[in-house]
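Undergrad: dropping the sequence and predicted coords here.
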Amino acid sequence: MSNKMTFAVLLLAAGASHAAAQPNADPNYRSLRDAAPSQTYRVENVELKRDVGTLTLRTGQITFLAPVLNRVSMAVFNGEGRFHLKPAIAIEERHLNKLTGKTEVDEIIDSAMLPRRQHL
């Protein structure tokens, strides 16, 4: 076996044993996995709109998890709310109708997990 090949095999083996020895060891990953609630606020009649969907938080509380890398990554809502979605184009409406038997989504909710998106 050539020296280059031996070095490559040793490098791969060392990397594999390192990964096996420390699964999920990245501190930012652990912070996301282990995040605890940090701040809770009472909410009333808050509307969150994205594209053709609207999430209305009528009354309840929203709890934000502790920031990771100086960014809040998740919020959890508990209370009374509503999610409404009306497709923008006919083909989406027909597909939704095929899946659900309805042309719109209109659901009462009592909880929701809200992951942070880049524009929230």
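TA: Nice, thanks for sending it over.

Undergrad: can you show me the strands along the chain?
TA: Applying DSSP state E to the chain gives strands spanning 37-50, 53-65, 74-85, 105-115.

Undergrad: out of those, nearest to Arg30?
TA: Closest approach to Arg30 among the strands of the chain (Cβ to Cβ): strand 53-65, 13.4 Å. From N, CA and C alone the C-beta is placed, and that goes for glycine too.

Undergrad: how many residues are close by the nearest residue to Val76 once chain neighbours are set aside?
TA: Closest residue to Val76 apart from its sequence neighbours, by Cβ to Cβ, 6 or more residues apart in numbering: Thr63 at 4.9 Å. The number of residues packed near Thr63 is 15, by other Cβ atoms under 10 Å.

Undergrad: out of the strands of the chain, which gets nearest to Ser31?
TA: Nearest to Ser31, of those and by Cβ to Cβ, is strand 53-65 at 9.6 Å.

Undergrad: perfect, I'm done here.
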